[in-house]
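Novice: The following comprises the amino acid sequence and a computationally predicted model.
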Amino acid sequence: MNLPKNILVPTDFSEPSEVALSTAIELARAFQARLTLAHVWSVPNMGYAEALTWPIDEMQKAARMALDELHTRVSALLPGTDAVLKVGAEWQQILDVVKEEGIDLVVMGTHGRRGLPRLILGSVAEKVVRLSPVPVLTVRGPQDATK
């Protein structure tokens, strides 16, 4: 078995993402692996006219600022951590980062949605698990543990 040397942690800054991040930090330390944080943002799906009113520049700045804050916090615990900001379909951009950064393990949180919310919102984690060329470890958030 090959131990991971490049671990990716996609984050949406939610509680499940924080749990996954803690797990990834422990794995990176144990395996002496490089850790890469990734955040993907996108303009919500709306009609063309509504999309023109979205403050794209502000959304980009907010995403960059949140990722930079997380990167600073994690780098204090695990020097050498990288951070990548992408725009587009979350699952697709995560898979692109896997290829671009030479990732060999993805550690990501799952919201544990079921039923109609899952149908409407989809599951980024599920698509990444199904389509990833490398192993994916999904970590449930604490609110999911009782479901």
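Specialist: Done, it's in. Keep in mind that this is a model prediction, so the values were computed, not measured. Numbers count the residues shown, from 1 in each chain.

Novice: just how off-centre is the host helix or strand of Met108 within its chain?
Specialist: Secondary structure assignment for Met108, by DSSP states H and E: strand 105-110. Computed by Cα atoms, centre = their mean, to the nearest Å, the chain-centroid distance of strand 105-110 equals 7 Å.

Novice: Just checking: what are the partner strands of it?
Specialist: strand 6-10 (parallel), strand 136-140 (parallel) (DSSP bridges).

Novice: So what's the residue count around Leu35?
Specialist: Using other Cβ atoms under 10 Å, Leu35 has 24 neighbouring residues. Placement of C-beta: from N, CA and C, glycine included.

Novice: just checking, it is part of a helix?
Specialist: No. Counting by DSSP: H, G, I helix; E, B strand; the rest coil, Leu35 is not found in a helix; it is strand.

Novice: ok, now how distant is it from Gln60?
Specialist: 23 Å (Cβ to Cβ, to the nearest Å).

Novice: For Ala38, name its beta-bridge partners.
Specialist: Bridge pairing for Ala38 - DSSP bridges - gives Pro10, Val84.

Novice: That one reaches Asp12, doesn't it?
Specialist: No. Contact criterion Cβ atoms under 8 Å: Ala38 and Asp12 do not qualify, at 10.2 Å.

Novice: Neighbour count: these two, which is higher?
Specialist: The neighbour comparison of Ala38 against Asp12 (other Cβ under 10 Å) goes to Ala38, with 24 against 15.
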